[in-house]
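*Asks:* give me the fold of what follows.
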Amino acid sequence: MSDRRQATGIILAGGGSVRMGNDKANLRLSEQTLLSRAVQTVSLVCPEVIIAGGEQSLADGFGPEVRRVSDPPGSTGPLAGVTAGLQAARHDACLIVACDMPFLNPALLSHLVDCLETFDAVVPISQGVSQYLHAVYARSTATTAQALLRLEARSVHELVVRLQVLHLSEEHCSRFDPAGLSCFNMNTPADLDRARALEAAPPAA
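*Replies:* Numbering: from 1, shown residues only. Model (predicted):
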C-alpha cells in the first residue's frame with residue numbers, strides 16, 4: 001500500500017512486559033522482532049513513525065523517518081507513551097498502536113485515520129472491548145493527556161472518556177480486517193505461542 005495518509009504513526013514500546021517475562025519489542029516472530037513488524041506495517045500507512053518509550057537503541061536501523069521519544073519525566077504507564085508520541089508528532093492525525101500487535105492490518109489502520117475528521121479519536125472495538133491502543137487520536141488531545149499525567153493518571157481510558165470519540169463496531173472493522181487479527185496483542189507466553197500458530201497457518205479471510 002503506497003497511498004500513505006498525512007498521519008504520524010506512534011508505536012508504544014515501553015512497559016515492563018512482566019507477564020511475558022521478556023521485552024516484547026524484541027521478541028521474534030518469523031525471524032522478525034515485534035517492533036520491526038510494527039514499524040514495517042505502520043510505515044505503509046504513515047510517512048512519520050515514532051517509537052514511544054523503551055531504550056534508545058530500539059530506533060536503530062530504521063532510518064531517519066523513524067525516531068524515538070522518551071516518556072515525560074516522572075511519568076509511567078501507557079498514557080505516558082501516548083502523551084510523548086502526541087507531543088512529538090508532526091501531523092494532526094496520530095495512529096497509535098502497541099508494539100506487541102503482530103498482525104496489524106494496513107487497510108484497517110488507514111481507515112481509522114480516514115475516519116478521524118472532526119472527532120478527537122477513532123477507536124475500534126474487538127471482541128467487545130474498545131481498543132484504545134489500536135486507535136487514532138488528534139494531536140490536539142496531547143494537552144488533555146499532559147494535564148492528566150500531572151494528576152498522576154496512567155491509563156489511556158482516563159483520556160478517552162474526556163474526548164469526542166467515534167467507536168467502530170467489530171462488524172464495521174471486519175470489512176477491512178476480515179480475519180479480525182489486527183487488534184490481537186501478546187501479553188503472555190501462551191499468546192506468543194498462539195501468534196506463532198497463526199503465523200504458520202493464518203485463518204482464511
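*Asks:* I'd guessed Arg139 sits against Leu95; true?
*Replies:* No: counting by Cβ atoms under 8 Å, Arg139 does not reach Leu95; the two are 11.2 Å apart. C-beta: built from backbone N, CA, C; applies to glycine.
*Asks:* neighbour count winner among these two?
*Replies:* A count of neighbours by other Cβ atoms under 10 Å puts Leu95 above the other of Arg139 and Leu95, at 28 against 18.
*Asks:* which outside residues touch whatever helix or strand the more buried one lives in?
*Replies:* Assigning secondary structure by DSSP states H and E places Leu95 in strand 93-98. The contact list for strand 93-98 (Cβ atoms under 8 Å, 6 or more residues apart in numbering) reads 5-12, 38, 42, 45-46, 82, 85-86, 104, 109, 112-113, 116, 133-139, 185.
*Asks:* show me those that map onto helices.
*Replies:* Among the contacts of strand 93-98, the residues falling in helices (DSSP state H) are 38, 42, 45, 82, 85-86, 109, 112-113.
*Asks:* now the strands: where do they sit in this protein?
*Replies:* 7-12, 28-29, 32-33, 48-52, 66-69, 93-98, 121-126, 129-130, 134-138, 165-168 (DSSP state E).
*Asks:* so of these, which one's packed in deepest?
*Replies:* strand 7-12 (a mean of 28; mean count of other Cβ atoms under 10 Å).
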